[in-house]
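**Q** All I have is the shape, not the residue letters:
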């Protein structure tokens, strides 16, 4: 059995994946190797996949962003999902998760895997639950443990690079959750499935109880485990409560066990959260999980902006990443309202990229501030072509510039001839 | 001559404006009075205006937002500006600035003043410059000092509630600016006009030199001075440099003089700035300007996202307001590219409101977190009508919900029957 990336790293062996990742980041491959060995960096890369891009996530690297795509029972259209994939990639998504729960799930995943050059993630319990309901005509609580593990193994065999597994919902954390008196309880789909199963069957979470079996599968295919936060807060009032933190403590313990088994780990985090709790949550994750990469969904800094949650999560994501979060899961304007459209996917990826980049400037990631300086120089030169090409979304910048109307002089229609940049240049010369 | 709001406050007299502002904020009128007396709160309200809403800006109050509207030479359409005003107000702008530089400026301002129920601000030097160029057919450097002061007085007489005056660009701060070696120099329009005038004429800034005359006008009409940051950074690389900070030091000195003359003051701030410099800048402003309200434009946390600067500034605005900034000037997606359209105005106001609200939760403004809790309870109840009506933009939330397609069950098309909230409720019952 071949070594996992983590096993290689622990032995100080630099693999091609590490080299390619290092090249993209502009850091030494030895640094990447050291990061993986310490657990502070992960490169999700299933050994059965042929990735076009090896994406490093973690300390010292550019903040990465993930875009969720996938069908729901009410919207099944493989071609449309492929279009979402294409838009997400073209706008700069570093990873993609297929969260399909509707239609021919396996076929959809196969097609997405085939067309996805970057790491692909899934939440296997979705498939296990959906198949229990759709094929076996039973309820979620009737999921068989072997079905869950077999689904994980099947997806691992297909090449899925990272998987969300909600191993931290245990009888212990669930008990604390219930005492916490939340407004919104559990808002993670996989978390809710798991909890319902546990409550009905009065059993421990099988992915916690049989974590070693899960690790054996992950090790065999070199799947990175994304330890999910099934108890993440779904509203500001529920943030940083004992349920959430108890789960995080457990995820920290599982992190060590995964590392010992040669498996890479990413930790998932909140959620909805007031801005002033975000930095503390990042610190807590880094401490309790020994520096493992932190993958946050948002955080959304207010609950009251459905239709604009790409913005609420860009605020929270920027604050989180500036405080040390490594991987941002995008949120689209459709969040809380509907399955995202193509346009929503685009808006979500761009908002996430802005948050990631703003944080990379704070993190002093090489090249980050330099990109802003190039833009500033183009602005100073009133070089519109330069400004457009340096934009995060050149197409939109160009369209806006052109919508400016008939006037296409050296300035823009905001100020016209009263452009401050133009006036300042004259001022420097001290001439009329 | 009647007292200004500040003079009344210093004498401990509670005016109707203070009462109405207090009512809206849900605080005691005596608190507002004390805030104005200390200078930490301002209520821009020209004595010649009949405001429908008295808007308090400053410590302990809800974070307010301003929307800039107005023509440029390339886009003159009064009806369209009125539509912008309407959209800005309907989306929740607390104040509006008319920055017109094109067409019949006075007529435009008259119409906007007539239709604007909230405080209206201007930058009088725009009109002085434009009239010098358009009417006198001269250059900006030929502005006569009397024209500048007369324009200010004329606008004050018309009822303008607050005015941006770039009094902090002095020979001293300009010298430090030039030594700072900025990439983008001066990006404030009024700042650039002032600097060009000073350089060409080799004279001190007349609004600094004749600050007492300016104060006499402001006092006579009870105009709140918004001490502009003509040297604000226009790109991340230029942030927090000696030019910017020297100007702020001077604005602090002028703040005291304005207060002593019975005039309310607001301080304008950056600009473009890396996230991790924002809190320090707010602290600096509060210290150097003795707690005067801080009015920030952005800050934009990256330069590379033209077309999305409502998002870059929502991130910076949220961070700034959470750190103590009191008043956010919106930035629209059109920033750096063109004069904003109606849709841009709407997007800009909503993004700013999100930032302000996210910060108000941190500031523990009464009612802020409660709004989020109400939304969370509606979500928990899968009460869609409630969720829509509690949204920052109910129209968009409703449209998105409806676009979800044929499925209009109790959940949404994101998860359909696999809705976590629904599953969690079942889990609580421990039933299939």
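**A** Structure received. Keep in mind the model is a prediction, meaning the values are calculated, not measured.

**Q** what helix or strand is residue A:382 on?
**A** Per DSSP states H and E: residue A:382 is located in neither a helix nor a strand.

**Q** From residue B:197, how far off is it?
**A** Taking C-beta to C-beta, to the nearest Å as the criterion, residue A:382 is separated from residue B:197 by 22 Å. For glycine as for every other residue, the C-beta is placed from the backbone atoms N, C-alpha and C.

**Q** do the same with residue A:12
**A** When distances are taken as C-beta to C-beta, residue A:12 and residue B:197 turn out to be 66 Å apart.

**Q** which one of the two has more residues nearby?
**A** Residue environment comparison for residue A:12 versus residue B:197 gives the larger neighbour count to residue B:197, 26 against 10, counting by other C-beta atoms under 10 Å in any protein chain shown.

**Q** That one touches residue B:140, doesn't it?
**A** Yes - when contacts are counted by C-beta atoms under 8 Å, residue B:197 is listed as touching residue B:140 (6.4 Å).

**Q** wait, residue A:368 sits on residue A:356?
**A** No - taking C-beta under 8 Å as the contact criterion, residue A:368 and residue A:356 are not neighbours in contact, 9.4 Å apart.

**Q** so residue A:265 bridges to which residues?
**A** Judged by DSSP bridges, the bridge partners of residue A:265 are residue A:225.

**Q** Find the helix or strand that residue A:96 is a member of.
**A** strand A:95-98.

**Q** ugh, typo on my part, it should be residue A:366
**A** Short version, using DSSP H and E: residue A:366 is in no helix or strand.

**Q** OK, contacts around it?
**A** When contacts are counted by C-beta atoms under 8 Å, 6 or more residues apart in numbering or on different chains, residue A:366 is found next to A:26, A:27.

**Q** and it, backbone torsions?
**A** With angles defined as degrees, to the nearest 10, residue A:366 sits at phi -50, psi 130.

**Q** ok so, going back, following the chain onward from the strand holding residue A:96, which element is next?
**A** Where DSSP H and E defines the elements, the next helix or strand beyond strand A:95-98 is helix A:105-115.

**Q** Now do the buried residues in that next one.
**A** Residues of helix A:105-115 classed as buried by neighbour count (16 or more other C-beta atoms under 10 Å in any protein chain shown): A:105, A:108, A:109, A:111, A:112, A:113.

**Q** Distance of residue A:26 relative to chain B?
**A** Residue A:26 is 18 Å from chain B, where distance means C-beta to the nearest C-beta, to the nearest Å.

**Q** What of residue A:2?
**A** With distances defined as C-beta to the nearest C-beta, the gap from residue A:2 to chain B amounts to 36 Å.

**Q** mind listing what the host helix or strand of residue A:164 pairs with, with the direction of each?
**A** Counting by DSSP H and E, the element that carries residue A:164 is strand A:162-165. Strand partners for strand A:162-165, identified by DSSP bridges, are recorded as strand A:120-122 (parallel), strand A:224-227 (parallel).

**Q** Now those in CSV, please, with extra columns for mean pLDDT, mean neighbour count and distance to residue A:97.
**A** As requested, the strands paired with strand A:162-165 are exported to CSV (pLDDT from 0 to 100; neighbours: other C-beta atoms under 10 Å in any protein chain shown; distance: least, C-beta to C-beta, whole Å):
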stretch, mean pLDDT, mean neighbour count, distance to residue A:97
strand A:120-122, 98, 27, 4
strand A:224-227, 98, 28, 9
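
**Q** Would you format those as TSV with distance to residue A:331 included?
**A** Converted to TSV, these look like this (distance: least, C-beta to C-beta, whole Å):
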stretch	distance to residue A:331
strand A:120-122	16
strand A:224-227	17
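
**Q** do you know which of these lies nearest residue A:397?
**A** Closest to residue A:397 of the strands paired with strand A:162-165 is strand A:120-122 (C-beta to C-beta; 30.0 Å).

**Q** what about residue A:368 and residue A:356, which has more around it?
**A** When neighbours are counted by other C-beta under 10 Å, residue A:356 comes out ahead of the other of residue A:368 and residue A:356, with 28 against 22.

**Q** now for the helix or strand where the more buried one lies, which elements pack on it?
**A** Element membership of residue A:356 [criterion: DSSP H and E] is helix A:342-363. In this structure, helix A:342-363 packs against strand A:64-69, helix A:78-90, helix A:309-322, strand A:327-329, helix A:368-380, helix B:275-288, helix B:309-322, with contacts taken as 3 or more C-beta pairs under 8 Å, 6 or more residues apart in numbering or on different chains; DSSP states H and E.

**Q** and residue A:160, which of the ones you listed is closest to it?
**A** Taking C-beta to C-beta, strand A:64-69 is the member of these nearest to residue A:160, at 13.6 Å.

**Q** and the closest one, which strands flank it?
**A** As defined by DSSP bridges, the strand partners of strand A:64-69 come to strand A:95-98 (parallel), strand A:327-329 (parallel).

**Q** Closest to the centroid, which residue in chain A?
**A** Among the residues of chain A, the smallest C-alpha distance to the mean C-alpha position (C-alpha atoms, centre = their mean) belongs to residue A:329, namely 2.9 Å.

**Q** Once you drop chain neighbours, what's closest to it?
**A** residue A:297 (4.4 Å; C-beta to C-beta, 6 or more residues apart in numbering or on different chains).

**Q** Check residue A:248 too.
**A** With sequence-adjacent residues excluded and distances taken as C-beta to C-beta, 6+ apart, residue A:248 is closest to residue A:288, at 5.5 Å.

**Q** What is the burial count for the one you found?
**A** Look at residue A:288: counted by other C-beta under 10 Å, it has 17 neighbours.

**Q** Check residue A:277 too.
**A** The local packing of residue A:277 (other C-beta under 10 Å) involves 21 other residues.

**Q** So for residue A:50, which of the strands paired with strand A:162-165 sits nearest?
**A** Each of the strands paired with strand A:162-165 was checked against residue A:50 via C-beta to C-beta, and the shortest separation belongs to strand A:120-122, namely 11.8 Å.

**Q** Give me the contacts around stretch A:74-90.
**A** Applying C-beta under 8 Å, 6+ apart, the contact partners of stretch A:74-90 are A:67, A:69-71, A:96, A:98, A:100, A:102-104, A:107-108, A:111-112, A:115-118, A:339-340, A:342, A:345-346, A:349, B:404-407, B:413, B:416.

**Q** repeat that for 6 Å
**A** A:67, A:69, A:96, A:102-103, A:108, A:111, A:115, A:339, A:342, A:345-346, A:349, B:407, B:413, B:416 (C-beta atoms under 6 Å, 6 or more residues apart in numbering or on different chains).

**Q** And for stretch A:160-173?
**A** Residues outside stretch A:160-173 that contact it (C-beta under 6 Å, 6+ apart) are A:44-46, A:119-124, A:190-191, A:194-195, A:204-205, A:207-208, A:211, A:223-228, A:230, A:246-247, A:250-251, A:254.

**Q** same thing with stretch A:287-297?
**A** For stretch A:287-297, the surrounding residues in contact (C-beta under 6 Å, 6+ apart) are A:39-40, A:42, A:57-58, A:248-249, A:252, A:255, A:265-269, A:285, A:320, A:325-327, A:329.

**Q** Flag every buried residue along it.
**A** Within stretch A:287-297, the residues that count as buried by 16+ other C-beta under 10 Å are A:288, A:289, A:290, A:291, A:292, A:293, A:294, A:295, A:296, A:297.
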